[in-house]
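K.L.:
dropping a prediction and its sequence here:
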Amino acid sequence: AGGAGGNVRNGHRSKTVVTEVGPVEIDVPRDRDASFEPKIVAKRQRRLAGVEEMVLSLSAKGLTHGEISAHLAEVYGAQVSKQTISTITDKVIEGMSEWQNRPLDAVYPVIFIDAINVKIRDGQVANRPIYIALAVTVDGKRDILGLWAGDGGEGAKYWLQVLTEIRNRGVADACMVVCDGLSG
C-alpha cells in the first residue's frame, strides 16, 4: 500500500503449534490493519486437529491426563498440560450430552436392552454396570438409543428409569423388547 502510513512493515512473529509429529514453529504474518486471516492455522490456535484426536483416543483407552501428558512429551517432545488435556476431553462430554438427549423415532420394531460390567476409574477403579439400549429402525439399521452408567446391579427398577427416558425422548411403540432374564 506504500510507505505513507499504509499497511507496511508488518513483519511476522513466531508461534509454536503442537502437531501429530511434534511441536512445529511457524512464522505468522503480522498485519497492522488486522485484515490478514490465516487459513490453515487459525488465530490463537495452538494445536492441530490430529493432536486432539490422539488425546481423545488415549483417554478412551483409559489413560489418565498425567499419563497422556507424559506420553506426548516422551513420543513427540510436546509439553501439553493436564489442563489442556482436560479441556480437549471436556469438548466430547458436551457432544455426548447432545447425543444422549436427541429425539428418537416414534416406532422401533426391536429394542435390545442389556447391561455389561466394566471397570471405571472414578477416583479408584471399580466395576460398574453400563446399561445399553440398542434398537433396530424401521429401515433395518442399528441405532444405539443410549448408554447409562449405573451404580448397582442389573435390576428392573433401574431399567424402568431407562425405558421411561426413552419414552420421553419420543419412542411411542416397540414391537419387541429383548432382554436376558430380567424379572418384572
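P.N.:
Received the coordinates, thanks.
K.L.:
and the residue nearest the centre of the protein?
P.N.:
Val92 (2.4 Å; C-alpha atoms, centre = their mean).
K.L.:
that one belongs to a helix?
P.N.:
Yes: assignment of Val92 by DSSP: H, G, I helix; E, B strand; the rest coil places it within a helix.
K.L.:
that one and Leu56 touch, don't they?
P.N.:
Yes: taking C-beta atoms under 8 Å as the definition, Val92 is a contact partner of Leu56 at 6.1 Å. Any C-beta I mention is one placed from the backbone N, CA and C, and that applies to glycine too.
K.L.:
can you say which helix or strand has the residue lying closest to Arg128 once chain neighbours are set aside in it?
P.N.:
Sequence neighbours aside, Ile120 is the residue nearest to Arg128 in space, at 4.8 Å (criterion: C-beta to C-beta, 6 or more residues apart in numbering). Assessed by DSSP states H and E, Ile120 sits inside strand 107-122.
K.L.:
buried ones in the lowest-mean-pLDDT helix or strand in the chain?
P.N.:
Scoring the helices and strands of the chain by mean pLDDT, DSSP states H and E places strand 22-29 at the bottom, with a mean of 73. For strand 22-29, burial by neighbour count (16 or more other C-beta atoms under 10 Å) applies to no residue.
K.L.:
partner strands of that strand, with direction?
P.N.:
According to DSSP bridges, strand 22-29 forms sheet pairs with strand 12-19 (antiparallel).
K.L.:
would you mind pulling the contact partners of the strand it pairs with?
P.N.:
Residues from elsewhere that reach strand 12-19 (C-beta atoms under 8 Å, 6 or more residues apart in numbering): 23-30, 41, 45-48, 50-51, 72, 76, 78, 80.
K.L.:
swap in 7 Å and give it another go.
P.N.:
23-30, 41, 46-48, 50-51, 78, 80 (C-beta atoms under 7 Å, 6 or more residues apart in numbering).
K.L.:
average pLDDT across the strand or helix carrying Glu52?
P.N.:
For Glu52, the element it lies in under DSSP H and E is helix 49-60. Taken as a whole, helix 49-60 carries a mean pLDDT of 78.
K.L.:
for Met96, helix, strand, or coil?
P.N.:
Secondary structure state of Met96, per three-state DSSP, is helix.
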